[in-house]
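J.: pasted the sequence and its predicted model underneath.
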Amino acid sequence: MLRSIFLIMCCVFSFQALAIVNGHEYPFKQGTDIENQNRAQLFRKLAEELRCPKCQNQNLADSNAMIASDLRRELYQQVKDGKQGNEIVEFMVNRYGEFVLYKPKMNARTFALWYGPLFLLGMAGIVFAFVVFKRRKQNTEAVGDEDFDTAESLRIEELLKGSDEGSKGSQSESEDK
Amino acid sequence: MKRWALFIPFGIFIMLGFFLYRGLFLDPRDIPSALVDKEFPEFNLPTLVSNQAKSVNDIKGQAHLVNVWGTWCISCRVEHPFLVELAQKGVSIVGINYKDDNTAALKWLDDLGNPYIFSVDDENGTLSMDLGVTGAPETFFVDASGIIRHKHQGPITVDNWPELKKIWVNLSATAGN
């Protein structure tokens, strides 16, 4: 049991394989240790967040297209030169448009993209609450009806008793045969 | 449950159908260029044939098609005869030889004809990166003041020229030539 839970967790928290971006090809060596670490981190982050403009669904880190390797080189150079993340993103957007952002900027055009899912979830919540509320109301109403109609419930009991006897009778009949 | 509620799934289906139907006619490779209505980027590159330095000022004063090409690019081979034809009809075309081998490029122009007023040798792809080029062929419609008015991805052919010609005629008319 524990083992299977562990395996499921492994699946859920699996990481994307990034074969192309690695420290050997894109080393950061010229600054202090912390600087280099930060730059390597920024490089990896941007290579994953920027989309290859030629490909449909690959980021720069993942793609083998010529343009992707050119842009990786450019990105590497700019990170090495100590440029900030937003400057580099700006550089890419100015040339290739917002298409290259896997994490689109927040503005009027992308508002629905960012908050649409939240809105839909909210709507679903409201519908769900509405349905639950209605069901509960129906149930209480039904219970109330039974309580009030004592005459009818007595009649039902009578009928049930009658049918019990009837079924016993039929059973014994079938045993006879 | 009220009767109209039974139509909700049908409504959802119609909406989904509408979006999927629209999706059939969208081309995911058709990325809007970030450079339309912006100035043609600065460059300083030698020409392919005579090794003269050219800058952005050399394409101002008259409307041009700026065509990105390379001998490694198969679609460019398909496009080339039509460009020669256009040049003979008086369309002024400037070439950007994108990440190419110079001898191969010169041989190409010798064998197939040279439709370009001049081609700059963008060996490292720096100008092409500033232009947001993702592959060849790509053609920019640049007006007389050096502003990019349209970008066409893929080859210009007999089939798509009638549409593109309208843009070109507009450009060259406003330039007064």
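T.: Received, thanks.
J.: which residues make contact with the host helix or strand of B:V94 from outside it?
T.: Assigned by DSSP states H and E, B:V94 falls within strand B:93-98. For strand B:93-98, contacts defined as Cβ atoms under 8 Å, 6 or more residues apart in numbering or on different chains pick out B:48, B:59, B:64-70, B:73, B:83, B:86-87, B:105, B:115-122, B:125, B:127-128, B:131, B:133, B:136. Quick note: C-beta positions are derived from backbone N, CA and C, even for glycine.
J.: for stretch A:102-111, same thing?
T.: A:48-51, A:59, A:98, A:113-114.
J.: restrict the residues you listed to those near chain B?
T.: The subset of the contacts of stretch A:102-111 within reach of chain B, by Cβ under 8 Å from any Cβ of the partner chain, is A:E98.
J.: save the contacts of stretch A:102-111 as CSV, and put in neighbour count too.
T.: Shown next, in CSV, are the contacts of stretch A:102-111 (neighbours: other Cβ atoms under 10 Å in any protein chain shown):
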residue, neighbour count
A:E48, 17
A:E49, 17
A:L50, 24
A:R51, 24
A:N59, 21
A:E98, 16
A:L113, 10
A:W114, 12
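J.: from the contacts of stretch A:102-111, which is closest to B:S145?
T.: The closest of the contacts of stretch A:102-111 to B:S145 turns out to be A:E98 (Cβ to Cβ; 26.0 Å).
J.: ok, for the closest one, nearest residue in space, not its chain neighbours?
T.: Counting by Cβ to Cβ, 6 or more residues apart in numbering or on different chains, A:P104 is the residue found nearest to A:E98 once chain neighbours are left out, at 6.2 Å.
J.: for that neighbour, pull up the helix or strand it's in.
T.: Here A:P104 is assigned to no helix or strand, by DSSP H and E.
J.: I'd like the distance between it and chain B.
T.: Distance, A:P104 to chain B, by Cβ to the nearest Cβ, to the nearest Å: 14 Å.
J.: measure stretch B:116-128 end to end?
T.: 17 Å (Cα to Cα, to the nearest Å).
J.: with stretch B:153-171 instead?
T.: Taking Cα to Cα as the measure, stretch B:153-171 stretches 18 Å from start to finish.
J.: one more: stretch B:99-119?
T.: 12 Å.
J.: in chain B, where is pLDDT below threshold?
T.: Residues of chain B meeting the criterion pLDDT under 70: B:1, B:174-177.
J.: so where's the longest helix in chain A?
T.: helix A:111-148 (DSSP state H).
J.: please state the offset of the helix or strand harbouring B:I12 from the chain centre?
T.: Using DSSP H and E, the element containing B:I12 is helix B:8-24. Centroid displacement of helix B:8-24 relative to its chain, using Cα atoms, centre = their mean, to the nearest Å, is 35 Å.
J.: after that helix comes which helix or strand?
T.: strand B:44-46.
J.: residues near B:A87, how many?
T.: 17 (other Cβ atoms under 10 Å in any protein chain shown).
J.: repeat that for B:S33.
T.: 22.
J.: SS state for the residue nearest the centre of chain B?
T.: Geometric centre of chain B, nearest residue: B:T139, 2.0 Å, by Cα atoms, centre = their mean. Following DSSP: H, G, I helix; E, B strand; the rest coil, we place B:T139 in the strand state.
J.: is it bridged to anything, and to what?
T.: B:T139 forms beta bridges with B:N67, B:H152, as assigned by DSSP bridges.
J.: so who does it touch?
T.: Applying Cβ under 8 Å, 6+ apart, the residues near B:T139 are B:65-68, B:151-152, B:156.
J.: reformat the residues you listed as TSV; add neighbour count.
T.: Putting these into TSV (neighbours: other Cβ under 10 Å) gives the following:
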residue	neighbour count
B:L65	26
B:V66	22
B:N67	27
B:V68	25
B:K151	20
B:H152	19
B:I156	22
